[in-house]
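Quick one, what's the 3D model for this:
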Amino acid sequence: MSEANAVQKDKLMADLRQVVSDTEALLKLTASDVSESTLGLRERLQQNMAQAKERLLALQANATERAKAVGHQADDYVQEHPWQSVAIGAGIGLVVGLLIGRR
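So this is what the prediction gives:
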């Protein structure tokens, strides 16, 4: 996943968490209103909130599993090719050092 996509996904997750939080606050504020329309709306909101929380947890679990898989792949590569890994790290360090040195 590209860095731009990762940033967008993180922002989306943060926005969804904020919506969930705001909806929970709205539900608490309307708890004393017992009109039929408000009760129906509150029930639908609670159902949608429960579904949204489940989806967020599933997305988070999926992202965690993917990150672990990538980490294991990187670890396996380093274990199988230690000198290549050292060379790659040194090359990246050199490029970063040159970029920092220009400023």
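
Tell me which helix or strand Ala87 sits in.
helix 82-102 (DSSP states H and E).

Ok, Ala31 next?
Counting by DSSP H and E, Ala31 is part of no helix or strand.

likewise His72?
helix 36-80.

Run the chain-centre distance for that helix.
Averaging C-alpha coordinates over helix 36-80 and over its chain gives two centres that are 8 Å apart (CA atoms, centre = their mean, to the nearest Å).

Flag the helix or strand of this structure with the lowest per-element mean pLDDT.
helix 3-29 (a mean of 77; mean pLDDT, DSSP states H and E).

between that helix and helix 36-80, how big is the angle?
Counting by axes from the mean of the first three to the mean of the last three CA atoms, to 10 degrees, helix 3-29 lies at 150 degrees to helix 36-80.

Can you name every helix or strand that helix 3-29 contacts?
If contacts are counted by 3 or more CB pairs under 8 Å, 6 or more residues apart in numbering; DSSP states H and E, helix 3-29 sits against helix 36-80. From N, CA and C alone the C-beta is placed, and that goes for glycine too.

could you give me the average pLDDT of the helix it packs on?
For helix 36-80, mean pLDDT is 84.

relative to helix 82-102, how tilted is that helix?
For helix 36-80 against helix 82-102, the angle by the same axes, to 10 degrees is 110 degrees.

so what does helix 36-80 touch, helix or strand wise?
Applying 3+ CB pairs under 8 Å, 6+ apart, one finds that helix 36-80 contacts helix 3-29.

and if we set it to 10 Å?
Identification of packing neighbours for helix 36-80 by 3 or more CB pairs under 10 Å, 6 or more residues apart in numbering; DSSP states H and E yields helix 3-29, helix 82-102.
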